[in-house]
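[1] take this sequence and fold it.
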Amino acid sequence: MKTGNPFRWREVSLFTFAEMLKLPENFVRTIQTPRFWLIVYGLMGLLSAFQLLIATQVDPKEGWPTRYNNYVIFRNSFDHLHQGKDLYTTHPEEHFDYYKYSPSFAALMAPFALLPDWIGLPFWNMLNALLLATALLQLPFLRPNVRAPVLALAFIETLTSLQNAQSNALLAGLIIWTFILLERGKIGLAALLVILSVYIKIFGILTFLLFLFYPQKGRAALWSFGWILLIGLLPLCFVSPDQLLFRYKSWGDLLSWDVGASVGLSVQGWLLTWFQIDAPKNAVLLAGAIFLLLPLVRISFWKNQQYRLLYLAAILIWMVIFNHKAESPTFVIAFSGVLIWAFSQPLSTAQRLLFWVCFVFCSLSPTDLFPSFLRQRYVIPYVLKAVPVILIFGVVIYQLLMSPFLNTLKKEAK
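    Numbering: from 1, shown residues only. Here you go, the predicted model:
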């Protein structure tokens with residue numbers, strides 16, 4: 001691995017900008033604390049929900065809210081489950097698009113189904129924001145004082161997900177917390193979070209790869225099997241076994257049908273828009289799986305914390321760039337991986353440049369801070385939001401395969 005200077009406070013533009021403006025010293029010191037950003041994330045969840053509620057528009061033709069349609073899909077899934085309706089068909093009288101999550105996720109949405117939207121939606125967004133924020137704060141980074149910059153840099157991607165009332169920040173938080181609990185030896189709780197992530201989005205199953213790095217694999221398997229049964233059968237509290245079996249089959253059918261629907265902001269989309277290569281999705285997935293699994297041959301480095309952090313980053317990035325349905329709000333998952341890559345090691349000058357290019361195109365390009373004509377002419381047609389993330393995935397895999405991992409973390413900590 002090339003060595004270089006690790007990230008420092010002054011390399012993070014937010015804090016540098018605050019100092020350049022000669023803002024009060026107490027304020028600058030405050031925004032450099034993790035507690036401040038934890039409060040910011042809680043308020044972000046609350047205010048983004050109220051923004052959706054206040055600015056929502058009711059579709060004049062169908063009658064459903066158009067600003068937080070995703071939350072309506074999640075919330076109504078419990079009612080559909082409880083009322084014996086098919087979860088995986090259209091319900092145009094209530095919302096647009098399909099419900100694509102498991103029957104268990106629908107059962108877990110029961111508390112939100114009982115709440116009016118003006119209470120349920122803020123709780124949903126706050127749950128997403130705070131789970132991710134606390135996970136990033138608790139990660140075993142190189143130094144504790146990089147956690148506030150990480151939350152500052154993750155702010156835009158998190159807000160993008162919350163403004164669409166999606167579950168991506170929740171999923172990223174579950175995966176990162178799984179890693180943290182494994183590091184602490186909490187095998188049973190880690191297995192619970194993995195199973196929850198799988199029942200939310202099926203590609204959460206990749207998180208099981210992290211269990212290879214830790215002892216007590218037999219115990220982890222037993223815990224996982226127990227949680228699979230318990231959470232998988234949770235809908236039996238509301239439906240019969242035959243109905244539940246039908247719903248799982250219907251879920252599988254929908255996922256099979258959905259595979260060919262689009263290419264998204266993914267490796268598939270990059271190959272198509274840049275090189276006019278319409279590669280079969282299964283071939284792209286297989287190639288991606290090989291790249292992700294190859295570093296595991298370095299068994300001797302499984303006990304190295306930096307190796308494990310980089311592999312966590314690789315999993316988070318992989319889940320998005322090899323997802324044919326990846327869209328802008330999904331990138332809170334991948335960008336969390338990018339941040340873990342950037343802040344868990346010293347970076348060379350070229351790597352730092354790649355990180356800031358990624359921040360501009362991945363986080364800033366969908367916002368009003370980015371010139372609209374550039375976004376419409378280049379960023380969207382050429383999937384530039386995804387390209388730097390794909391490049392960083394390549395760098396991460398290269399490092400996992402080639403780096404000597406000579407206790408870099410311990411040396412920097414000193």
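[2] CA only for contacts and neighbour counts going forward, please
    OK.
[3] so the residue lying closest to residue 89 once chain neighbours are set aside, which state does it fall into?
    Excluding its sequence neighbours, the residue lying closest to residue 89 (Cα to Cα, 6 or more residues apart in numbering) is residue 98, at 6.4 Å. Using DSSP: H, G, I helix; E, B strand; the rest coil, the structure places residue 98 in coil.
[4] thought residue 98 was touching residue 88?
    Yes - the pair residue 98 / residue 88 is scored as a contact, 6.4 Å apart, by Cα atoms under 8 Å.
[5] who has more neighbours, the two?
    residue 88 (24 against 15; other Cα atoms under 10 Å).
[6] show residues contacting whichever strand or helix holds residue 37.
    Applying DSSP states H and E as the criterion places residue 37 in helix 34-55. Outside helix 34-55, the residues that touch it by Cα atoms under 8 Å, 6 or more residues apart in numbering are 30-31, 67-68, 117-118, 121-130, 133-134, 137, 147-148, 151-152, 155, 159, 162-163, 165.
[7] report the mean confidence score over it.
    When pLDDT is averaged over helix 34-55, the result is 93.
[8] export that helix as PDB, just CAs?
    The C-alpha trace of helix 34-55 is given here as PDB (Å, rounded to 0.1, in the frame of the first residue of the first chain):
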ATOM      1  CA  PRO A  34     -19.200  14.000  17.200                       C
ATOM      2  CA  ARG A  35     -22.000  15.000  19.600                       C
ATOM      3  CA  PHE A  36     -22.800  18.000  17.400                       C
ATOM      4  CA  TRP A  37     -23.200  15.900  14.300                       C
ATOM      5  CA  LEU A  38     -25.300  13.400  16.100                       C
ATOM      6  CA  ILE A  39     -27.700  16.100  17.000                       C
ATOM      7  CA  VAL A  40     -27.600  17.400  13.400                       C
ATOM      8  CA  TYR A  41     -28.500  13.900  12.100                       C
ATOM      9  CA  GLY A  42     -31.400  13.700  14.500                       C
ATOM     10  CA  LEU A  43     -32.700  17.100  13.300                       C
ATOM     11  CA  MET A  44     -32.100  16.100   9.700                       C
ATOM     12  CA  GLY A  45     -34.300  13.100  10.100                       C
ATOM     13  CA  LEU A  46     -37.000  15.200  11.800                       C
ATOM     14  CA  LEU A  47     -36.900  18.200   9.500                       C
ATOM     15  CA  SER A  48     -36.700  16.200   6.300                       C
ATOM     16  CA  ALA A  49     -39.800  14.300   7.300                       C
ATOM     17  CA  PHE A  50     -41.700  17.500   8.000                       C
ATOM     18  CA  GLN A  51     -40.500  19.000   4.700                       C
ATOM     19  CA  LEU A  52     -42.000  16.000   2.900                       C
ATOM     20  CA  LEU A  53     -45.300  16.300   4.900                       C
ATOM     21  CA  ILE A  54     -45.600  20.100   4.300                       C
ATOM     22  CA  ALA A  55     -44.500  20.100   0.700                       C
END
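[9] what residues does the very next helix or strand once past that helix touch?
    Sequence order places helix 69-82 as the next helix or strand after helix 34-55, per DSSP H and E. Here helix 69-82 makes contact (Cα under 8 Å, 6+ apart) with 86-87, 94-96, 98-99, 103, 106-110, 112-113, 121, 164-166, 235, 238-239.
[10] next helix or strand past helix 69-82?
    Assigned by DSSP H and E, the successor of helix 69-82 is helix 103-108.
[11] run the chain-centre distance for that following helix.
    Mean-position distance between helix 103-108 and its chain equals 20 Å (Cα atoms, centre = their mean, to the nearest Å).
[12] isn't residue 342 up against residue 353?
    No - counting by Cα under 8 Å, residue 342 sits too far from residue 353 to count as a contact (10.8 Å).
[13] now list the buried members of the contacts of helix 69-82.
    Buried members of these, scored by 16 or more other Cα atoms under 10 Å, are 86-87, 95-96, 99, 103, 106-110, 112-113, 121, 164-166, 235, 238-239.
[14] quick one on the thing from earlier: can I have the buried ones of the contacts of helix 34-55 as a ChimeraX selection?
    For the buried members of the contacts of helix 34-55, the matching ChimeraX selection, counting by 16+ other Cα under 10 Å, is:
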select :31,67,68,117,121,122,123,124,125,126,127,128,129,130,133,134,137,147,148,151,152,155,159,162,163,165
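[15] one step back: mind pulling up the pLDDT for the residue nearest to residue 89?
    89.
[16] tell me who's in contact with it.
    Residues in contact with residue 98 (Cα under 8 Å, 6+ apart) are 73, 88-90.
[17] pull out the buried members of those.
    73, 88.
[18] looking at the contacts of residue 98, which one is closest to residue 217?
    residue 88 (35.3 Å; Cα to Cα).
[19] list phi and psi for the closest one.
    phi -110, psi 30 (degrees, to the nearest 10).
[20] verify the contact between it and residue 257 for me.
    No - Residue 88 lies out of contact with residue 257 (Cα under 8 Å); the separation is 11.3 Å.
[21] what's the closest non-adjacent residue to residue 78?
    residue 106 (4.7 Å).
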